[in-house]
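mind looking at a prediction? Sequence and model below.
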Amino acid sequence: MTTQTVVLEGVRAVYGTGARRVTALDGVSVTFERGRLAAVMGPSGSGKSTLLHCAAGLDRPAAGHISIDGVALDKLSEDGLTRLRRDRIGFVFQAFNLVSALTAEQNVALPQRLAGRRPPASDVAAALAAVGLADRARHRPSELSGGEQQRVAVARALISRPAVVFADEPTGALDSVTSRQVLELLRALVDDHELTVVMVTHDPVAAGYADRVVFLADGRVVDDVTGPVPVDAIAARTAPSC
Ligand SMILES: Nc1ncnc2c1ncn2[C@@H]1O[C@H](COP(=O)(O)OP(=O)(O)OP(=O)(O)O)[C@@H](O)[C@H]1O
């Protein structure tokens, strides 16, 4: 199996047309390796979310090639892309995106249920145990703290045993103590289970948990630092220049 889980080659992404045309990604080539936690940073509007959406097959780029675990996304039909996202990709969002009427275990099982499958109860229990929430399986989101809700979202992302988890500002809605717990969890999943995580973040502390930090500006990769990268160094690179 390839160690290069996510490969982007010369990816261009464009929104709008005519005077409203914006080049969000301007020829991005970057590879994310298996069993690593990578952070993607850069100023607002630099293309981070677009990179994540293209890499995850949520948006199709205007040019370039993307593959996940050796599967070329541009060769897939819409149905094929949907299956790839469901079976090989996990998502964690800033806003947790849990269904409030469902318990933690029902939320974890939901993506598979929507795909017409019934995940074994042991898989759901194992995913909740992996995020330290075995004893909260029957709780609804309103009965959980923000950090616990995000850990349920991480368990939901793990249930399909994905090739890669894309996390978009996973700690953006959490306080610093809870953020640390979620980041330590992601770090442990990468270290202990060879999970591959690509995390967009504005937070130098979050990026400090990564093995590598890719910096974007104006839709291009402008720096790519393999770490552990000290938080001070990340903060210095991301500080707005006066
Ligand atoms: N749906 C859209 N329609 C038009 N332009 C868009 C759209 N989404 C993003 N853009 C533009 O594409 C560029 C990249 O946006 P993107 O959201 O990828 O940046 P970002 O680095 O994730 O920003 P932020 O940190 O603020 O979330 C920006 O100039 C943005 O205005």
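On my side now, so go ahead.

contacting residues for residue 165?
Applying Cβ atoms under 8 Å, 6 or more residues apart in numbering, one finds that residue 165 lies in contact with 89, 90, 91, 92, 154, 157, 158, 186, 195, 196, 197, 198. For glycine as for every other residue, the C-beta is placed from the backbone atoms N, C-alpha and C.

mind doing that once more with 7 Å?
Residues counted as contacts of residue 165 (Cβ atoms under 7 Å, 6 or more residues apart in numbering) are 90, 92, 157, 195, 197.

how much space between the residue nearest to the spatial centre of the chain and residue 94?
Most central in the chain under Cα atoms, centre = their mean is residue 166, positioned 1.5 Å from the mean C-alpha point. Distance, residue 166 to residue 94, using Cβ to Cβ, to the nearest Å: 12 Å.

and the longest helix for the protein?
In terms of residue count, the longest helix belonging to the chain (DSSP state H) is helix 176-193.

other SSEs contacting the helix or strand just after that one?
Using DSSP states H and E, the helix or strand that follows helix 176-193 in sequence is strand 197-200. Using 3 or more Cβ pairs under 7 Å, 6 or more residues apart in numbering; DSSP states H and E as the contact criterion, the elements in contact with strand 197-200 are strand 37-41, helix 48-55, strand 164-168.

touching the ligand at all, strand 197-200?
No: counting by Cβ under 6 Å from any ligand atom, no contacts exist between strand 197-200 and the ligand, the nearest distance being 6.6 Å.

mind exporting that strand as CSV, just the C-alpha atoms?
Output of strand 197-200 as CSV, limited to C-alpha atoms (Å, rounded to 0.1, in the frame of the first residue of the first chain):
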residue,chain,number,x,y,z
VAL,A,197,-5.1,13.5,9.4
VAL,A,198,-5.1,16.7,7.4
MET,A,199,-6.2,19.5,9.6
VAL,A,200,-6.9,23.1,8.6
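
the next helix or strand after that strand vs the ligand: in contact?
Beyond strand 197-200 on the C-terminal side, the first helix or strand identified by DSSP H and E is helix 204-207. No: applying Cβ under 6 Å from any ligand atom, one finds helix 204-207 separated from the ligand by no less than 13.3 Å.

name the residues that touch helix 204-207?
Contacts of helix 204-207 (Cβ under 7 Å, 6+ apart): 39, 41, 171, 179, 183, 199, 201, 213, 229, 231, 234-235, 238.

can you check stretch 174-181 too?
Outside of stretch 174-181, the residues that reach it under the criterion Cβ under 7 Å, 6+ apart are 145, 146, 147, 150, 171, 182, 206.

buried set for it?
174, 178, 179, 180, 181 (16 or more other Cβ atoms under 10 Å).

stretch 58-75 too?
Judged by neighbour count using 16+ other Cβ under 10 Å, the buried positions of stretch 58-75 are 59, 61, 64, 66, 67, 68, 69, 73.

need the max-distance pair from those.
Every pair in these was compared (Cβ to Cβ); the two farthest apart turn out to be 59 and 69, at 19.0 Å.

need the residues of the protein near the ligand, please.
For the chain, the residues in contact with the ligand (Cβ under 6 Å from any ligand atom) are 15, 16, 22, 24, 42, 44, 45, 46, 47, 48, 49, 50.

drop anything exposed from those residues.
Burial by neighbour count, 16+ other Cβ under 10 Å: within the residues of the chain next to the ligand this picks out 24, 42, 46, 47, 48, 49, 50.

which of the contacts of residue 165 lies closest to the ligand?
residue 92 (15.5 Å; Cβ to the nearest ligand atom).

CA-only coordinates of the strand or helix carrying the closest one in PDB, if you can.
In the assignment (DSSP H and E), residue 92 maps to strand 89-93. Listed in PDB are the C-alpha atoms of strand 89-93, where the atom choice follows Å, rounded to 0.1, in the frame of the first residue of the first chain:
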ATOM      1  CA  ILE A  89     -12.700   9.600   4.100                       C
ATOM      2  CA  GLY A  90     -13.600  10.900   7.500                       C
ATOM      3  CA  PHE A  91     -14.700  14.500   8.200                       C
ATOM      4  CA  VAL A  92     -14.500  16.500  11.400                       C
ATOM      5  CA  PHE A  93     -15.900  20.100  11.300                       C
END
